[in-house]
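1. here is the input, now give the coordinates:
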Amino acid sequence: MRNELSQSLRRAVAEAWRFRWEVELEAELRFNRLAQRLARIGALPVVVELAARASSDERRHAALCGELAVGYGADSVPSGVSAREISPPALDERDRVLYEVVAACCVTETESVSVLTTLVNSVRGGRMQDILRELLRDEVGHSRLGWAHLAHQSAQRNVHFLDALIPNMLEGSVAPGLFQATREELESPELLAHGVLPHSMKRAVFTTTLVDVVFPGLESLGVQAGPARKWLDTKMAASAPPSPG
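-> Next comes the predicted model:
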């Protein structure tokens, strides 16, 4: 199947899987650090265990993504990967950990579950579907980690400090250029068979997941999603084609 791709599409697929390779390597480091921080602040033992397991999962994911990236023609090994600090430094440790868990799990991993679910339903068997199913199975657990920790924290205290910070999380999670027009080959439906969402479909999955899953989930656990909804409305308005005339 890979030989059926044009050179430009093959390059696009290689770039997508190489990007995921780097993301998974970063996630391995982030979850390892989060496991330590969660333990330090006295988080639920099951959440600490899930974070440690997630780090191991992401190491395995990185190997799978790297295998695919190289198979499609990526010829360089990711280097200099690090899990940068994303929480506002003014927060105390408990709030910084909650911010990072919500950003990494309730937002990013929940979005990943939707993307992978769409791809699993679009690929017809074979090695690609096996890999996508493996990634999906683990990402569901990583998403649940975040929702479990947020639920535990919101039951103990007010978490409204997150209300105004969710847009920062979204800005950090959104794929580069997601709300902009892109190259023609990145809209090709041929990408689906190779584990890559066409650009417009990726944007649709991202926005639908926010509206139908992430925002309601946050609001059910004491985080007001008004600022986040406004952020999304602004992004969508900016990406809309100009009205004729």
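
2. dihedrals phi and psi, the closest residue to residue 189 other than its chain neighbours?
-> Excluding its sequence neighbours, the residue lying closest to residue 189 (CB to CB, 6 or more residues apart in numbering) is residue 198, at 6.1 Å. Glycine gets a C-beta too; all of them are placed from N, C-alpha and C. As for residue 198, its main-chain torsions (degrees, to the nearest 10) stand at phi -60, psi 150.

3. list the contacts of residue 198.
-> For residue 198, the contact set (CB atoms under 8 Å, 6 or more residues apart in numbering) comprises 186, 187, 188, 189, 191, 192.

4. roughly how far apart are the first one and residue 71?
-> Translated: residue 186. Per CB to CB, to the nearest Å, residue 186 is found 19 Å from residue 71.

5. same deal with the third one?
-> For residue 188, the distance to residue 71 equals 19 Å [CB to CB].

6. these two: who's more crowded?
-> The neighbour comparison of residue 188 against residue 71 (other CB atoms under 10 Å) goes to residue 188, with 19 against 14.

7. can you pull the contacts of the more buried one?
-> By CB under 8 Å, 6+ apart, the contact set of residue 188 is 9, 12, 198.

8. tell me the one of those residues nearest residue 164?
-> Lowest distance from residue 164 to the contacts of residue 188 (CB to CB) belongs to residue 198, with 33.4 Å.

9. I'd say residue 94 and residue 38 touch.
-> No. Taking contacts as CB atoms under 8 Å, residue 94 lies outside contact range of residue 38: 10.1 Å.

10. now the helices for the protein?
-> 7-40, 45-71, 93-101, 110-120, 126-156, 166-173, 199-209, 215-220, 226-239 (DSSP state H).

11. please identify the buried residues of the longest one?
-> In this case it means helix 7-40. Using 16 or more other CB atoms under 10 Å as the test for burial, helix 7-40 gives 9-10, 12-35, 37-38.

12. also the shortest one?
-> Neighbour-count burial for helix 215-220, counted by 16+ other CB under 10 Å, picks out 215, 217, 218.

13. how many residues are close by the nearest residue in space to residue 21 that is not next to it in sequence?
-> Spatial nearest neighbour of residue 21, excluding adjacent residues (CB to CB, 6+ apart): residue 65 at 4.1 Å. Neighbour count of residue 65, defined by other CB under 10 Å: 26.

14. pLDDT at the residue nearest to residue 189, what is it?
-> You'll see residue 198 listed with a pLDDT of 97.

15. state the distance from it to residue 33.
-> Distance from residue 198 to residue 33, by CB to CB: 34 Å.

16. and residue 93, by the same measure?
-> 12 Å.

17. check contacts around the most centrally placed residue in the chain.
-> In the chain, the C-alpha nearest the mean C-alpha coordinate belongs to residue 108, at 3.1 Å (CA atoms, centre = their mean). For residue 108, the contacting residues are residue 173, by CB under 8 Å, 6+ apart.

18. now swap in the one 5 residues further on and tell me
-> For residue 113, the contact set (CB under 8 Å, 6+ apart) comprises 136, 139, 140, 143.
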